[in-house]
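Participant: After the sequence you'll find the predicted model.
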Amino acid sequence: MSKDAKRILMTGAAGQIGSELVQALRGKHGSDSVVATDIIRPQGELTASGPFERLDVTDGPAVAELIRKYRIGTVYHMAALLSASGEKNPQKAWEVNMKGLHIVLEAARELGVARVFSPSSIAVFGPATPRERTPQDTVLDPTTIYGVTKAAGEMLCDYYVRKYGLDVRGCRYPGIVSHQTLPGGGTTDYAVAIYYEAVKFGRYTCFLREDTRLPMMYMPDCLKCALDLMEADFGRLRHHSNFNVTAMSFTAGELAAEIRRHIPSFVCEYVPDFRQEIADSWPASIDDGAAREEWGWKPDCDLAAMTADMLAVLGKRHAAGRLGA
Ligand code: SER
């Protein structure tokens, strides 16, 4: 990259989405152009393939220092506590999710960062929100601290767009299914764990009821979503930080049935825990018409394609003895 080119900084880069988004961005812009940061220093590709810095997003001076040091032009702010972990420590979820976002937005404003990506979530919705084909502009009624921080975060991001002309963008991700980095502390995590357990043990005990339907997305679509939204023409965007996006919706039972098409002996049991109440407050399906219209969003993967791919990848890894105990 040229001396004057601006780099990308990502917070929460060791997480489920961040770890793959860093690689996609490094592939696109060059390894040195993407500075990965996280509160932990992971081993492996993330730290080996380009610059990595340990960063606590609640430390304002540290965030500003890295933005200056690396001449950052774009921030992907992925650091957050998810819904289930948030319920175990609401104070920490507020601190990381709200204070962290405010620090990133302030640093971006003060230091001339051109663009910020701040993902939101279906957790902004709640019991009073229409559950089927949840509209773009509707009741935000979160019941979890995670949802509260994401709803407030969307509004804060939009405030920075209006007040300061800062270019902040974000989408409301549904549950994300992937096979590189495990999700941590989410209510939709079952849809990842079920594949691992199916391959390793041929059975899985699900913490949600069989008939729980939630919107989901496979990682390639999740990455495409972030990259496309960040490249969209700002002038065409009427929304900024809160785009509904989805790729598919299925119940836990339908996912188990799809896995049985590949592993006929697979057994799934259902023992709901506290996460059931969270799932019951979220949409079953999403209307992502605004994202389609304003920046051409279109997912590629459905349940059948995702399941075939997940089982093929995890099956190979298991055969090579690399899927863990
Ligand atoms: N996957 C998240 C969670 O379950 C939702 O954004 O918390």
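Facilitator: All right, it came through fine.
Participant: Three-state assignment for the residue in the stretch 151-300 of the chain that the ligand sits nearest to, please.
Facilitator: The stretch 151-300 of the chain approaches the ligand most closely through Gly186 (2.8 Å), counting by CB to the nearest ligand atom. All C-beta atoms are positioned from the backbone trio N, CA, C, and that covers glycine. Here Gly186 is recorded as coil under DSSP: H, G, I helix; E, B strand; the rest coil.
Participant: And it, how far from Phe201?
Facilitator: Note on Gly186: its distance to Phe201, by CB to CB, to the nearest Å, is 22 Å.
Participant: between the two, who's got more neighbours?
Facilitator: Taking neighbours as other CB atoms under 10 Å, Gly186 and Phe201 compare with Gly186 leading, 23 against 10.
Participant: can you give me the strands for the stretch 1-150 of the chain?
Facilitator: For the stretch 1-150 of the chain, applying DSSP state E, counting those that start in this stretch gives strands covering 7-11, 34-38, 52-54, 72-77, 115-117, 120-121.
Participant: Okay, angle between the first one and strand 72-77 too, please.
Facilitator: So the one you mean is strand 7-11. 20 degrees (axes from the mean of the first three to the mean of the last three CA atoms, to 10 degrees).
Participant: so what's the residue of the stretch 151-300 of the chain closest to the ligand up against?
Facilitator: Leu82, Ser83, Ala84, Ser85, Gly175 (CB atoms under 8 Å, 6 or more residues apart in numbering).
Participant: How about the residues of the stretch 51-200 of the chain by the ligand?
Facilitator: Proximity of the stretch 51-200 of the chain to the ligand, by CB under 6 Å from any ligand atom, involves residues Leu82, Ser83, Ser121, Ile122, Ala123, Tyr146, Tyr173, Gly175, Gly186, Thr187, Thr188.
Participant: so what's the fourth one scoring on pLDDT?
Facilitator: The pLDDT attached to Ile122 in the predicted structure is 98.
Participant: which residue ranges form the helices in the stretch 201-325 of the chain?
Facilitator: 219-231, 252-260, 275-280, 289-295, 303-319 (DSSP state H, counting those that start in this stretch).
Participant: Let me have these in a markdown table, adding distance to Leu156, mean pLDDT and mean neighbour count as columns.
Facilitator: Converted to a markdown table, those look like this (distance: least, CB to CB, whole Å; pLDDT from 0 to 100; neighbours: other CB atoms under 10 Å):
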| stretch | distance to Leu156 | mean pLDDT | mean neighbour count |
| --- | --- | --- | --- |
| helix 219-231 | 18 | 98 | 20 |
| helix 252-260 | 34 | 98 | 19 |
| helix 275-280 | 23 | 98 | 18 |
| helix 289-295 | 20 | 98 | 18 |
| helix 303-319 | 33 | 98 | 17 |
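Participant: In a markdown table: these, plus distance to Val34.
Facilitator: What follows is these, written out as a markdown table (distance: least, CB to CB, whole Å):
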| stretch | distance to Val34 |
| --- | --- |
| helix 219-231 | 12 |
| helix 252-260 | 33 |
| helix 275-280 | 33 |
| helix 289-295 | 22 |
| helix 303-319 | 24 |
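Participant: and the closest residue to Asp287 other than its chain neighbours, what does it touch?
Facilitator: Nearest residue to Asp287, sequence neighbours excluded (CB to CB, 6 or more residues apart in numbering): Arg133, at 4.4 Å. Residues in contact with Arg133 (CB under 8 Å, 6+ apart) are Ser285, Ile286, Asp287.
Participant: got a winner among those residues for most neighbours?
Facilitator: Ile286 (25 neighbours).
Participant: number of nearby residues for the nearest residue to that residue once chain neighbours are set aside?
Facilitator: Distances taken as CB to CB, 6+ apart place Thr246 nearest to Ile286, at 3.8 Å, with adjacent residues excluded. Using other CB under 10 Å, the number of residues around Thr246 comes to 27.
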